[in-house]
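Trainee: okay, predicted coordinates and the sequence, questions at the end:
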Amino acid sequence: MKNNFAETAIMVTRDGLGHADKELSHKLARNYFRTLLESEYPPKYILFYGEGVKLTIEGSPCQAELAALSASGVSVIACRTCLDHYGLTDKVAAGEIGNMLQIIEAQAEAEKVIAV
């Protein structure tokens, strides 16, 4: 089966997934990234900005899944401006710290962009 996510960028702009309380939105994020990791459909990029960068730090509910996705070759990028804003730059535990230009370039390169 063809991986239709192979040229996809996934954007994460919230501290969790969905419009729910923090516990549920964190659970959804963890499940989403675990399922991506276990599936045959890894995306090319997972891009974090705004409150989404909080999912890339130490102690995040999906730290292990994001680290594993990054180790498997998915480009996981967290916005430095956002990390700086929240005072989290030194706490990134998954992926790399990037800038808005890298995020825009990834979006432009992707065949599709999905906001979760």
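Mentor: Yep, it's here.
Trainee: give me the secondary structure label for the residue nearest the centre of the chain.
Mentor: A centroid search over the chain (C-alpha atoms, centre = their mean) returns Ile46, at 4.0 Å, as the residue closest to the centre. Three-state call for Ile46 (DSSP: H, G, I helix; E, B strand; the rest coil): strand.
Trainee: quick one: the strands in the protein, in order.
Mentor: For the chain, the strands defined by DSSP state E occupy 8-12, 45-48, 75-79, 96-98, 112-115.
Trainee: deepest of those strands, which one?
Mentor: strand 45-48 (a mean of 27; mean count of other C-beta atoms under 10 Å). C-betas here are computed from N, CA, C, even on glycine.
Trainee: Ser60 is in contact with Ser54, correct?
Mentor: Careful, residue 54 is Lys; it's not Ser. Yes. At 6.7 Å, Lys54 counts as touching Ser60 under the criterion of C-beta atoms under 8 Å.
Trainee: related to what we said a few turns ago, CSV please, covering the strands of the chain and showing distance to Glu65 and mean pLDDT.
Mentor: Listed next are the strands of the chain as CSV, based on distance: least, C-beta to C-beta, whole Å; pLDDT from 0 to 100:
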stretch, distance to Glu65, mean pLDDT
strand 8-12, 12, 97
strand 45-48, 10, 98
strand 75-79, 10, 98
strand 96-98, 16, 98
strand 112-115, 17, 96
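Trainee: same list, those strands, but as CSV with distance to Glu105 please.
Mentor: Below are the strands of the chain laid out as CSV (distance: least, C-beta to C-beta, whole Å):
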stretch, distance to Glu105
strand 8-12, 10
strand 45-48, 10
strand 75-79, 10
strand 96-98, 9
strand 112-115, 12
